[in-house]
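S.K.: Show me the folded form of this:
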Amino acid sequence: MKTVKQKNKTIMIVIVALLLLFWGIITNIFYKKAVRANELIVVIDSGRFRYAEHDDSIFGLQYEILNAFADSAKMKLQIIKQNDLKQSIYLLLNGECDLVATPIPTTTEYIDLVQFTVPILSTLQVIVQIPDSAGNVKNKQYDLAYNTITLPANSPQIQRIKNLSDEIADTIFIHEIPNITIDELVEKVAQGEYKYTICPMRLAKKLKGTYPNINITMPIGFEQSYSWAVNKKNQKLLEELNNFLKDFMNSDTYKAIYEKYK
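M.R.: Numbers count the residues shown, from 1 in each chain. This is a model prediction of the structure:
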């Protein structure tokens, strides 16, 4: 049987261990905050309008806007490439990044989980297809019944296709592919590997210059606003981003950047 002295010694050891554990947790929290104080960790998907690398250069419309914000805030920009929106939101909610800079429709399932910035763009989504051997293409949305549309895994456009399927009261199949960009899917449609995908109109027009055989005349729904996503706990970053975007999107600097991606 333990003596009172031994019991007190055991209690003291447990208390010291708990204090050390608590101090380690607190130190780790403050250390992370100190490290990230001047750093902006951003998750973004790949593509010529998003984030792309070629040789030693980095480009992309969203990236250039991000870079301008980071410069104005005197923050170091750290990029995490992720083409799966669901995984990007997970990283945001888990505190592993500060911002998801993939343009997201503000009507998506994530509206209750994150805070959206002011709209970063407004665009119409279109079906990308190639004519059949007779030169025919799908012109009406109901023509998509019992056809398969290929999209990046967890694409925000999946919900739009499900809604469209309800609207036409017929089945539209969805084929999801992990770790692929919209640009790459359009290329695969142009090569005949897949029959249909969905692409923002502005990007579709740009890609048609590279793949002249694609048809991009069928819109899917109406023009929508797209925004970046911030953790609900980071109100300060949201306010800073919104203030910056409201000014920057009307500036000559932004107009010059935009012209490069027309």
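
S.K.: What are the contacting residues of stretch 155-175?
M.R.: For stretch 155-175, contacts defined as C-beta atoms under 8 Å, 6 or more residues apart in numbering pick out 85, 104-105, 108-109, 125, 141-142, 144-151, 176, 194, 198, 220-221. Heads up, the C-betas are built off the backbone N, CA and C, glycines and all.

S.K.: and if we set it to 7 Å?
M.R.: Residues external to stretch 155-175 that are found in contact with it (C-beta atoms under 7 Å, 6 or more residues apart in numbering): 85, 104-105, 108-109, 125, 141-142, 144-151, 198, 220-221.

S.K.: Among these, which ones are in helices?
M.R.: The helices in this structure, assigned by DSSP state H, contain residue 85 from the contacts of stretch 155-175.

S.K.: The closest residue to residue 125 other than its chain neighbours: what's it in contact with?
M.R.: With C-beta to C-beta, 6 or more residues apart in numbering as the criterion, residue 125 has its nearest non-adjacent residue at 4.7 Å, and that residue is residue 220. Contact analysis of residue 220 by C-beta under 7 Å, 6+ apart lists 125, 126, 127, 160, 164, 198.

S.K.: how about a cut-off of 8 Å?
M.R.: By C-beta under 8 Å, 6+ apart, the residues touching residue 220 are 124, 125, 126, 127, 141, 157, 160, 161, 164, 198.

S.K.: And it, how close does it get to residue 182?
M.R.: Plainly put, residue 220 is 13 Å away from residue 182 if you go by C-beta to C-beta, to the nearest Å.

S.K.: same question, residue 218
M.R.: In terms of C-beta to C-beta, residue 218 sits 16 Å off from residue 182.

S.K.: what does residue 154 give?
M.R.: Taking C-beta to C-beta as the measure, residue 154 falls 13 Å from residue 182.

S.K.: so what's residue 144 up against?
M.R.: 127, 138, 164, 168, 172, 196.

S.K.: Just the pLDDT for it.
M.R.: As predicted, residue 144 sits at a pLDDT of 95.

S.K.: same check, this time on the one 10 residues further on
M.R.: The predicted local distance difference test score for residue 154 is 93.

S.K.: What of residue 38?
M.R.: Turning to residue 38, the model gives it a pLDDT of 85.

S.K.: re the thing from before, now restrict the contacts of residue 220 to buried residues only.
M.R.: Neighbour-count burial (16 or more other C-beta atoms under 10 Å) applied to the contacts of residue 220 gives 125, 126, 127, 141, 157, 160, 161, 164, 198.
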